[in-house]
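Visitor: Just the structure for this:
(4 chains)
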Amino acid sequence: MEVKVLFFGVLAEVAGTALKHYSDVNLMSDLKHRISDDFPEIVHYNFRIALNSQIIEGEQELKAGDEIAYLPPFAGG
Amino acid sequence: MEVKVLFFGVLAEVAGTALKHYSDVNLMSDLKHRISDDFPEIVHYNFRIALNSQIIEGEQELKAGDEIAYLPPFAGG
Amino acid sequence: MDINYLIEGPVTSGIIASYLEKMSADRNAGGHSFFLGQVRADAKDGKTVLAIEYSAYESMVKAVADKIIETVLSEFEDLKSVIIIHSTGIVKAGEVSLAVMVSAGHRHQAITACAKTVELIKERLPVWKKEIFDDNSHIWRDNQ
Amino acid sequence: MDINYLIEGPVTSGIIASYLEKMSADRNAGGHSFFLGQVRADAKDGKTVLAIEYSAYESMVKAVADKIIETVLSEFEDLKSVIIIHSTGIVKAGEVSLAVMVSAGHRHQAITACAKTVELIKERLPVWKKEIFDDNSHIWRDNQ
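Guide: The predicted model follows:
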């Protein structure tokens, strides 16, 4: 199973990509570790995480096709 | 000497005119009496008086060319 | 096209757009707050407002509006521009009769100053309105 | 022309005028309150902002903006319409990147609901901005 991870704003710059797919990941905590391993700079930034367009906190089970987004502080307007 | 009296809003309707000249009047109190005599209905309405575009209260001396305005409650917007 | 407070007939969307372009030309402006007052087709006693006929004491409007702008500019130091346009004559239901357009460096002052300007206009601008109904009757209305 | 919250490039005066005409068509509306956010040519450390590049999480923008409108409509019962338009991509200094346009029967709700909508957008809309300076450098800015 595979999930899609989106990086927005400064985090897309830090990750060097706006989109990356991850396979074989069932828990948000595991996914976060893999992302931190891939992009160690990211931990220095302030961000929230959305799962399928909803901001979430804490542990979540993931399923195939989920869309996870790394969101820096908003700056609309 | 002559002064000009303007009637606005509903008061123009009550007076039947938007403009009337008065001669030989030196005090606001005299002018107000003459206007009340000419248009007795006016006293039933709520209004303020402006002298040369400035709202005034109480007695005022008048001079030739003064513009007096009878102003119903404002209704801008 | 500069309107000195009063305009005959409605304030059209074209006039609003043209003022917005002028205000945007100030590249230090960060926000514009507009209030546009519109004639409502109010229904009363089985009849409906078709239009409002506005009349104004023109020389006093100019003095009062100058003073309102001076008051607002001195209260809010971040303002870039304050525009007031009010209709005279006939404005039909669904048309705009008052535009207040305020620019500032930042949004809070634009929004607060615009709201304050509208209140001062309602309170102080020597303008009168006659609501004209669909049976040709009319009523003089005030802001109290 | 209906814009579903996001538009590529600036919100032009023509777009504002066209929405005003739509909103005016409701003859029970008595007031429109608009907030228009504009890119400022801010100077910092000897350089000047030329433009902002906006990016957005589009599916979440839609969900959040739907929710903001629902919230505001439920809080203010006199509202006739609430429009939100935000730019994506490049918006130059002196151009508008956010339009919030609210109609109500009476002015107080139009003004208050517009201001509230702007605050909710600043707080909740998943949009990011990169200020681009005249020396080609850039800074990511947020609303904190």
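
Visitor: Helices along chain C, start to end?
Guide: Remark: helices assigned in chain C by DSSP state H are C:13-24, C:58-75, C:107-124.

Visitor: and what of chain A?
Guide: Going by DSSP H, chain A shows helices at A:10-15, A:28-38.

Visitor: residues contacting the residue of chain C found nearest chain B?
Guide: Per CB to the nearest CB, C:Trp128 is where chain C lies closest to chain B, at 3.3 Å. Glycine gets a C-beta too; all of them are placed from N, C-alpha and C. Shown in contact with C:Trp128 (CB atoms under 8 Å, 6 or more residues apart in numbering or on different chains): B:Phe8, B:Gly9, B:Val10, B:Pro72, B:Phe74, B:Ala75, C:Tyr54, C:Ser55, C:Ala56, C:Trp140, C:Asp142.

Visitor: change it to 7 Å
Guide: B:Phe8, B:Gly9, B:Pro72, B:Ala75, C:Tyr54, C:Ser55, C:Trp140 (CB atoms under 7 Å, 6 or more residues apart in numbering or on different chains).

Visitor: Surely the fourth one touches C:Ile139?
Guide: No - with contacts counted by CB atoms under 7 Å, B:Ala75 stays clear of C:Ile139, the gap being 10.8 Å.

Visitor: Excluding residues flanking it in the chain, which one is nearest the residue nearest the centre of chain C?
Guide: Geometric centre of chain C, nearest residue: C:Leu98, 2.5 Å, by CA atoms, centre = their mean. On the basis of CB to CB, 6 or more residues apart in numbering or on different chains, the spatially nearest residue to C:Leu98 that is not a chain neighbour turns out to be C:Gly37, at 3.7 Å.

Visitor: Give the burial count for the one you found, as a bare number.
Guide: For C:Gly37, the neighbour count with other CB atoms under 10 Å in any protein chain shown is 26.

Visitor: picking up where we left off before, now the residue nearest to the centre of chain C: how far from D:Lys44?
Guide: Relative to D:Lys44, C:Leu98 is positioned 38 Å away (CB to CB, to the nearest Å).

Visitor: Quick check: C:Ala63 vs A:Phe39, distance?
Guide: Going from C:Ala63 to A:Phe39 by CB to CB gives 65 Å.

Visitor: Tell me the neighbouring strands of the lowest-mean-pLDDT helix or strand in chain C, and mark each as parallel or antiparallel.
Guide: Here the helix or strand of chain C ranked lowest by mean pLDDT, DSSP states H and E is strand C:43-44, holding a mean of 90. Strand pairing for strand C:43-44, determined by DSSP bridges: strand C:47-56 (antiparallel).

Visitor: chain center to the strand it pairs with, what's the gap?
Guide: 16 Å (CA atoms, centre = their mean, to the nearest Å).

Visitor: got the residues of chain C near chain D?
Guide: C:13-14, C:16-17, C:20-21, C:24-25, C:27-38, C:40-41, C:93-96, C:105, C:107, C:111, C:115, C:118 (CB under 7 Å from any CB of the partner chain).

Visitor: show me what contacts C:Ile7?
Guide: By CB under 7 Å, 6+ apart, the residues touching C:Ile7 are C:Ile85, C:Ser87.

Visitor: For it, give the beta-bridge partners.
Guide: Counting by DSSP bridges, the residues bridging with C:Ile7 are C:Ser87.

Visitor: ok, how many other residues are close to the spatially closest residue to C:Ala115 that is not a sequence neighbour?
Guide: Among residues not flanking C:Ala115 along the chain, D:Ile111 sits closest, at 5.1 Å (CB to CB, 6+ apart). D:Ile111 is flanked by 24 other residues according to other CB under 10 Å.

Visitor: do the same with the one 4 residues further on
Guide: Using other CB under 10 Å as the criterion, D:Ala115 is surrounded by 21 other residues.

Visitor: ditto for the one 5 residues further on
Guide: By other CB under 10 Å, 20 other residues sit near D:Leu120.

Visitor: where's A:Leu27 relative to chain B, distance?
Guide: A:Leu27 sits 59 Å away from chain B, going by CB to the nearest CB, to the nearest Å.

Visitor: Could you measure from the most far-flung residue of chain C relative to its centre over to C:Arg141?
Guide: Here chain C reaches farthest from its C-alpha mean at C:Gly46, the gap being 28.9 Å by CA atoms, centre = their mean. C:Gly46 sits 18 Å away from C:Arg141, going by CB to CB.

Visitor: Settle this for me: the residue nearest to C:Leu98 is touching C:Glu95, isn't it.
Guide: No - if you go by CB under 7 Å, C:Gly37 and C:Glu95 don't touch, sitting 10.3 Å apart.

Visitor: re the thing from before, by neighbours, which of the contacts of C:Trp128 wins?
Guide: Going by other CB under 10 Å, B:Gly9 tops the contacts of C:Trp128 with 28 neighbours.

Visitor: now it, nearest residue through space, not along the chain?
Guide: Distances taken as CB to CB, 6+ apart place C:Trp128 nearest to B:Gly9, at 3.3 Å, with adjacent residues excluded.

Visitor: Okay, and the beta partners of the one you found?
Guide: Bridge pairing for C:Trp128 (DSSP bridges) gives the partners C:Ser55.

Visitor: Check it and give its pLDDT.
Guide: The model reports C:Trp128 with a pLDDT of 98.

Visitor: Tell me the spacing between it and D:Ser59.
Guide: C:Trp128 is 52 Å from D:Ser59, by CB to CB.

Visitor: So which residues on chain A come close to chain D?
Guide: Proximity of chain A to chain D (CB under 7 Å from any CB) is limited to residues A:6, A:8-10, A:50, A:53, A:69, A:71-77.

Visitor: Mind checking which of those residues are in strands?
Guide: Counting by DSSP state E, the part of these found in strands is A:Leu6, A:Ala50, A:Ala69, A:Leu71.

Visitor: so which of those are also by chain C?
Guide: Within these, nothing lies near chain C by CB under 7 Å from any CB.

Visitor: before we move on, the earlier item: chain D: which of the contacts of C:Trp128 is nearest?
Guide: Proximity to chain D was ranked across the contacts of C:Trp128 by CB to the nearest CB; first place goes to B:Ala75, at 13.5 Å.

Visitor: Quick one: end-to-end length of stretch C:26-37, please.
Guide: This stretch, stretch C:26-37, spans 25 Å end to end (CA to CA, to the nearest Å).

Visitor: Could you list the contact residues of chain C toward chain A?
Guide: Counting by CB under 7 Å from any CB, chain C has no residue next to chain A.

Visitor: how about a cut-off of 10 Å?
Guide: Contact residues, chain C versus chain A (CB under 10 Å from any CB of the partner chain): C:Gly30, C:Gly31, C:Arg107.

Visitor: Out of these, who's the most crowded?
Guide: Highest neighbour count within those, by other CB under 10 Å: C:Gly31, with 26 neighbours.

Visitor: give me the beta-bridge partners of that residue?
Guide: Legend: beta-bridge partners of C:Gly31 under DSSP bridges are C:Ala104, D:Gly37.
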